[in-house]
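Visitor: Predicted model follows, preceded by the sequence.
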Amino acid sequence: MDGIGKVDIIARNTIKPSSPTPDHLRIFKLSLLDQIIPPMYGLIVFFYPAETGTNFSEQSSRLRESLSRTLTTFYPMAGRTNAIEPSIDCSDDGAFFVEAKMDCELSDFLRKPDGELLNNFLPTTDPLTAQLSEGYVTLIQITGFRCGGTAVSVCISHKIGDISSLVTFLHGWTSSGEAGSPVFVGDSLLPPRDLSFAQRTDIKSGNLITKRFVFEASKISHLKDKVGAIDHNIQMINKYPSRVEVVMAQIFKCAIAASRSVTGSFKTSVLFHSVNLRPRTDPPLPENSVGNLIWFVPVVIEESEMDLRTMVHKMKRLVNEFCNEKAKKFKDHSLSVLGEFGKWAEFKEMEFYSCSSWCKFPLYETDFGWGKPIWVSSANLTFKNSIILVDTREGDGIEAWVTLEEEKMAIFERDNELLDSATFNPSAYLYITSTQSV
């Protein structure tokens, strides 16, 4: 991008808990659900305008001090993943903390966010940082802009938890001790098992590219009108599609079409739709439970089902069946989980897609002490056919971060049906009011 430089790292440190972790908590055993998740980081970046009376040094110092206090309560976040056993070594090594500067205005970046440049705000993409921080559960980077604005990225090993877990961590970090204590589930829910029988599908291959599409509230309402009410006989609390469901289906439909254009033929595709298990187990788990308390419900789409209404209805039906019939059995039933996991082998010849929704989580309430963010983003993903959905700042629209192979993305991003519903990478600067300085 013109006028946008690279991020320069100025310091790398480790932030240790303010109080040591007791000896009896030094080993945190992961659950079967944690074990199934691939070894990667959950990534999120918050952008903040300049605040009168503070500077980058003060903000960084405030961040380090509050993080140190928070790690005492969230002690596994200060540990390291065990490369051999399904566990976290809670040895108080700390969180890896990076300070960086960027010689441009925050507004210059926000006017047209660059997906590749966005990676520079992440500690996981710098080779030296990645080498030094290997095994750390938590990585943080604060980046200062020339104008005084900042970006704060929070990267948590997916082995310790899902997006809800990350939000619980953020709440504990930013609430000045007012938040309730987290509930670390670990192997108390589902003990780990031997998964040597499982063969993972390689979903990293290919030249991947991530792009951002914004679905405004009015366009989402139009999609919901096209789909209409669910007309099958399965009992549901809500028979109308949600905004997440219609956006997810629209992206899935257009991605399949792009794949067919590249390969010249239709290939049966499966979308793994993430479902939060916390409210659906029997009894329900606390909202502040930390762990991978999600399941991915497979939604298979054949060529005859390439219609938005059909796709949404099938997606809603399968997720509803899972929640009503299977989710309650997951708690304390390893065999049920292994049985569902084993069924994934049936899809190995299909085109894999996955979608995670961060919608309805209070990400725009994340205040580290200098105000709320003006923009919250996902980042470039390393897994092909991945979809991340995030609320817009207003809360009624959806930003979709879609990762496809480059050849397929070239077709996907020009799909007229997609562009009737979404805008490709609009300015995030529009979210900023005229009273805010960036």
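Guide: Everything's here; your move. Numbers count the residues shown, from 1 in each chain.
Visitor: Over to the nearest residue to Y75 once chain neighbours are set aside. Which of the three states is it?
Guide: Once flanking residues are discounted, Y75 sits nearest to T21: 4.5 Å by Cβ to Cβ, 6 or more residues apart in numbering. The C-beta positions use only the backbone N, C-alpha and C, and glycine is treated the same way. Secondary structure state of T21, per DSSP: H, G, I helix; E, B strand; the rest coil, is coil.
Visitor: Surely T21 touches C90?
Guide: Yes: between T21 and C90 there is a contact under Cβ atoms under 8 Å: 5.1 Å.
Visitor: of those two, who's got more company?
Guide: C90 (21 against 18; other Cβ atoms under 10 Å).
Visitor: what sits against the more buried one?
Guide: Residues in contact with C90 (Cβ atoms under 8 Å, 6 or more residues apart in numbering) are 21, 25-28, 75-76, 78-79.
Visitor: Could you identify the pair within these that is furthest apart?
Guide: Using Cβ to Cβ, the pair of those lying farthest apart is I27 and A78, separated by 13.6 Å.
Visitor: measure L106 to C147 for me?
Guide: The gap separating L106 from C147 is 6 Å, by Cβ to Cβ, to the nearest Å.
Visitor: between those two, who's got more neighbours?
Guide: More crowded of L106 and C147, by other Cβ under 10 Å: L106, with 28 against 15.
Visitor: Spit out the contact partners of the more buried one.
Guide: Counted by Cβ under 8 Å, 6+ apart, L106 has contacts 47, 49-50, 145, 147, 149, 151, 438.
Visitor: just to revisit the earlier point, comparing I27 and A78, which shows the higher neighbour count?
Guide: More crowded of I27 and A78, by other Cβ under 10 Å: A78, with 27 against 16.
Visitor: Surely the more buried one and I156 touch.
Guide: No: using Cβ under 8 Å, A78 makes no contact with I156, being 11.6 Å away.
Visitor: list residues touching both of the two?
Guide: 137-138.
Visitor: which secondary element of this protein has the worst mean pLDDT?
Guide: Ranked by mean pLDDT, DSSP states H and E, the helix or strand of the chain with the weakest confidence is helix 334-343, at a mean of 73.
Visitor: shaky segments in this structure?
Guide: 1-5, 176-180, 195-206, 230-238, 331-335, 380-381, 430-438 (pLDDT under 70).
Visitor: domain ranges for it?
Guide: Listed by automatic domain parsing, the domain ranges of the chain are 7-188, 208-360+368-431.
Visitor: Could I get the buried residue list for stretch 66-77?
Guide: 66-68, 70-71, 73-77 (16 or more other Cβ atoms under 10 Å).
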